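Asks: structural data only, the sequence is not supplied:
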């Protein structure tokens, strides 16, 4: 007898897949009568939501593991919510495997977790591996030896030019290039970049965005000035408010005084940078125009409202689910490297220059 899926149970009960998921997890935001009806139907039709119970029943799981390394920021939360919905609609449960310590972000740890959980597929959400590019490439190559379909979400595969895994990410380069062009169109010429790492050739988000910033300057015939590139003070926390604050605080001690605009590596770093600028007696956008990247909800409530590139979270999650599920059905299918264009949303943190 075919196993009952969450999607089929939702159809029988006449509710959404997300409602079934919440009811089976005893969430308080489900009507008690609806929860009781769903649970009764689950028992009647043999639906087993718990991955451990399902293993006992059939010896495998219809579960996808999402690996998250390090800090769990707002962007990843939003993508994870969309991933859970997409996988639930396809009849799969989602479990989170959080690797907090970078020293344990290795193929051995992943292999152990995957084999113990008998997961049908794996998503790497956010950054993975160490700050060293070659170490990350070696990790990616080792992961290819684990016989479970894997897809990287919001980050590319660092294994080299011949990628070993599919990946779905916003187009970091194009987004930063567009932000820089936006500032140039408003009359800015002395534009700084916040959030550079130590290695100039890595493929992490900050490096792609730095390259996009430089390309935007080149498009306008403006020669890049390395004095306008502010390095991350806390590289392992590059995409945080704290790094934005400390990086700009340090950079301002030697920065050129004619800077009129700043491209931050992300929204969180931009907000931290704004605090550092304020403490230095500089106003946003009066003295320095400021732009971010990601489109976090906080950017809409920050004063002044932040100009940013909004990541298409729902599209990224749907593409990730599509590619992973297709790979699970057809393990030998071609690798996909998907870059999705973000959307520039003007805010109040930028003003034209004469």
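Replies: Structure received. Just so we're clear, the structure is a prediction, and the values are computed from it rather than from any experiment.

Asks: excluding chain neighbours, what is closest to residue 38?
Replies: residue 23 (4.2 Å; Cβ to Cβ, 6 or more residues apart in numbering). Yep, even glycine has a C-beta here, placed from its N, CA and C like the rest.

Asks: where along the stretch 151-300 of the chain do the helices fall?
Replies: 172-185, 205-219, 241-251, 267-279, 298-301 (DSSP state H, counting those that start in this stretch).

Asks: out of those, nearest to residue 43?
Replies: Residue 43 lies closest to helix 298-301 among these, at 42.9 Å (Cβ to Cβ).

Asks: could you give the mean pLDDT of the closest one?
Replies: Mean pLDDT, helix 298-301: 91.

Asks: which stretches of the stretch 51-200 of the chain form strands?
Replies: Ranges of strands within the stretch 51-200 of the chain are 63-69, 93-99, 121-125, 150-153, 166-170, 191-196, based on DSSP state E, counting those that start in this stretch.

Asks: include mean neighbour count and distance to residue 143 when you put these into JSON lines, please.
Replies: Shown next, in JSON lines, are the strands of the stretch 51-200 of the chain (neighbours: other Cβ atoms under 10 Å; distance: least, Cβ to Cβ, whole Å):
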{"stretch": "strand 63-69", "mean neighbour count": "23", "distance to residue 143": "10"}
{"stretch": "strand 93-99", "mean neighbour count": "16", "distance to residue 143": "13"}
{"stretch": "strand 121-125", "mean neighbour count": "25", "distance to residue 143": "8"}
{"stretch": "strand 150-153", "mean neighbour count": "26", "distance to residue 143": "6"}
{"stretch": "strand 166-170", "mean neighbour count": "24", "distance to residue 143": "12"}
{"stretch": "strand 191-196", "mean neighbour count": "26", "distance to residue 143": "27"}
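
Asks: out of those, nearest to residue 297?
Replies: In terms of Cβ to Cβ, the element of the strands of the stretch 51-200 of the chain nearest to residue 297 is strand 166-170, at 16.4 Å.

Asks: each with direction, which strands does that closest one pair with?
Replies: strand 150-153 (parallel), strand 337-340 (parallel) (DSSP bridges).

Asks: now tabulate those in TSV and tack on mean pLDDT and distance to residue 204.
Replies: Formatted as TSV, these follow (pLDDT from 0 to 100; distance: least, Cβ to Cβ, whole Å):
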stretch	mean pLDDT	distance to residue 204
strand 150-153	90	12
strand 337-340	92	15
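
Asks: how about TSV for these, with distance to residue 12 added?
Replies: Formatted as TSV, the strands paired with strand 166-170 follow (distance: least, Cβ to Cβ, whole Å):
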stretch	distance to residue 12
strand 150-153	31
strand 337-340	35
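
Asks: closest one to residue 253 among those?
Replies: Short answer: strand 337-340, nearest of the strands paired with strand 166-170 by Cβ to Cβ, at 36.8 Å.

Asks: which is the next helix or strand following the closest one?
Replies: strand 343-345 (DSSP states H and E).

Asks: partner strands of that next one and their direction?
Replies: strand 308-310 (antiparallel).

Asks: what is the subsequent helix or strand relative to the partner strand?
Replies: helix 313-329.

Asks: ok, residue 223 - how many residues close by?
Replies: Counted by other Cβ atoms under 10 Å, the residues lying close to residue 223 total 6.

Asks: ignore the last one, residue 340
Replies: Neighbours around residue 340, by other Cβ under 10 Å: 15.

Asks: am I right that it is in contact with residue 316?
Replies: Yes: Residue 340 is in contact with residue 316 according to Cβ atoms under 8 Å; the separation is 5.9 Å.

Asks: how far does stretch 211-229 sit from the chain's center?
Replies: Centroid separation between stretch 211-229 and its chain, computed with Cα atoms, centre = their mean, to the nearest Å, is 25 Å.

Asks: just stretch 184-198 next, same as before
Replies: Counting by Cα atoms, centre = their mean, stretch 184-198 comes out at 23 Å from the chain centroid.

Asks: now stretch 257-264
Replies: In terms of Cα atoms, centre = their mean, the centre of stretch 257-264 is found 26 Å from the chain centre.

Asks: list the buried residues for it?
Replies: For stretch 257-264, burial by neighbour count (16 or more other Cβ atoms under 10 Å) applies to 259, 260, 261, 262, 263, 264.

Asks: ok, stretch 316-333 next?
Replies: 316, 317, 318, 319, 320, 321, 322, 323, 324, 325, 327, 328.

Asks: bridged to residue 97, which residues?
Replies: Here residue 97, judged by DSSP bridges, has bridge partners residue 67.

Asks: let's see the pLDDT reported for it.
Replies: Note on residue 97: pLDDT of 83.

Asks: please tell me how far it sits from residue 90.
Replies: 20 Å (Cβ to Cβ, to the nearest Å).

Asks: good, wrapping up.
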